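Visitor: Give me a 3D structure for the following:
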Amino acid sequence: MGYMETPTQTPASRSPAPQRPVRSPRHSAIVPIREIGARYREQIARHLIDLDERDRYLRFGYAANDRQIRQYVDRLDFGRDQVFGIFNRRLELIAMAHLAYPVDMAAAGFAEFGVSVSRHARGRGYGARLFERAAMHAVNDGVKTLYIHALSENIAMLRIARQAGAVIERSGSESEAHLTLPEASFSSRVGELLADQM
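Guide: Numbers count the residues shown, from 1 in each chain. So this is what the prediction gives:
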């Protein structure tokens, strides 16, 4: 599910990976994904607090307690970052993605991606859909490289990154995936506009 932290090696110091197109996951059902803002903080907190200890460990890189999750949610900067959510029919948040623009990375065209999916909603491709939606937004926002920090045992997150064409580097218990994004185009902007309208 991926977690976000400042990498120990700055992205600019790495050799650039060859540019690959963002591959779309193949799913037939339409899944409405909403860009959500500050008024959803409580729902975001509820969604993350409902994760069990194992899922919190995979999402944050450590077994975050309720207080640490609240602090994470309180620090979300909706004016700078983007948060996307999937809701069920009862309007409960069951999956969310955080596209973060860390201050020390944003100027160089980098962003970070993290995602979480409620246990009862897994196996439906929601993580991949959220990744695709966040990548589309990042492309249109001029992001050159999308980074994902995940524990090496987080097979689901690494699979999503690999299927999108990301390069994965392992370092002990942690892995880092980076995906070189294409430049924005008319079709990518129209695609995001249609996604927003949906």
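Visitor: Going by C-alpha atoms from here, please, whenever you check contacts or count neighbours.
Guide: OK.
Visitor: Which residue ranges of this structure form strands?
Guide: 34-36, 82-87, 93-100, 110-117, 145-151, 167-171, 174-180 (DSSP state E).
Visitor: can you tell me which residues contact E169?
Guide: S175, E176, A177 (CA atoms under 8 Å, 6 or more residues apart in numbering).
Visitor: Could you check the pLDDT of the residue nearest to the last one when sequence neighbours are not counted?
Guide: If I follow you right, that is A177. Distances taken as CA to CA, 6 or more residues apart in numbering place I168 nearest to A177, at 4.2 Å, with adjacent residues excluded. With respect to pLDDT, I168 scores 91.
Visitor: Distance check, I168 against D141.
Guide: From I168 across to D141, the span is 23 Å (CA to CA, to the nearest Å).
Visitor: higher neighbour count, these two?
Guide: Comparing I168 with D141 by neighbour count (other CA atoms under 10 Å), the higher total belongs to I168, at 18 against 13.
Visitor: just checking, what packs against the longest helix seen in the chain?
Guide: If you go by DSSP state H, the chain has its longest helix at helix 126-140. Under the contact criterion of 3 or more CA pairs under 8 Å, 6 or more residues apart in numbering; DSSP states H and E, helix 126-140 touches strand 82-87, strand 93-100, strand 110-117, helix 155-163, helix 186-197.
Visitor: export these to JSON lines and tack on mean neighbour count?
Guide: Shown next, in JSON lines, are these (neighbours: other CA atoms under 10 Å):
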{"stretch": "strand 82-87", "mean neighbour count": "21"}
{"stretch": "strand 93-100", "mean neighbour count": "24"}
{"stretch": "strand 110-117", "mean neighbour count": "26"}
{"stretch": "helix 155-163", "mean neighbour count": "18"}
{"stretch": "helix 186-197", "mean neighbour count": "13"}
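Visitor: For R59, which of these is the nearest?
Guide: Comparison of those against R59 by CA to CA identifies strand 110-117 as nearest, at 6.5 Å.
Visitor: Just the CA atoms of that closest one, as CSV, please.
Guide: Below are the C-alpha coordinates for strand 110-117, written out as CSV (Å, rounded to 0.1, in the frame of the first residue of the first chain):
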residue,chain,number,x,y,z
PHE,A,110,8.9,14.6,-8.3
ALA,A,111,5.8,13.4,-6.4
GLU,A,112,5.1,10.4,-4.1
PHE,A,113,2.2,8.0,-4.1
GLY,A,114,0.6,6.1,-1.2
VAL,A,115,-2.6,4.0,-1.1
SER,A,116,-4.7,2.1,1.2
VAL,A,117,-7.7,-0.2,0.6
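Visitor: Tell me which strands it pairs with, and in which orientation.
Guide: strand 93-100 (antiparallel), strand 145-151 (parallel) (DSSP bridges).
Visitor: what comes into contact with it?
Guide: 1-4, 11, 48, 59, 94-102, 105, 126-127, 130-131, 134, 138, 143-149.
Visitor: confidence score at I44?
Guide: So I44 comes in at 98 (pLDDT).
Visitor: Next: G109.
Guide: 87.
Visitor: residues in contact with it?
Guide: Taking CA under 8 Å, 6+ apart, one finds G142, V143, K144, T145 in contact with G109.
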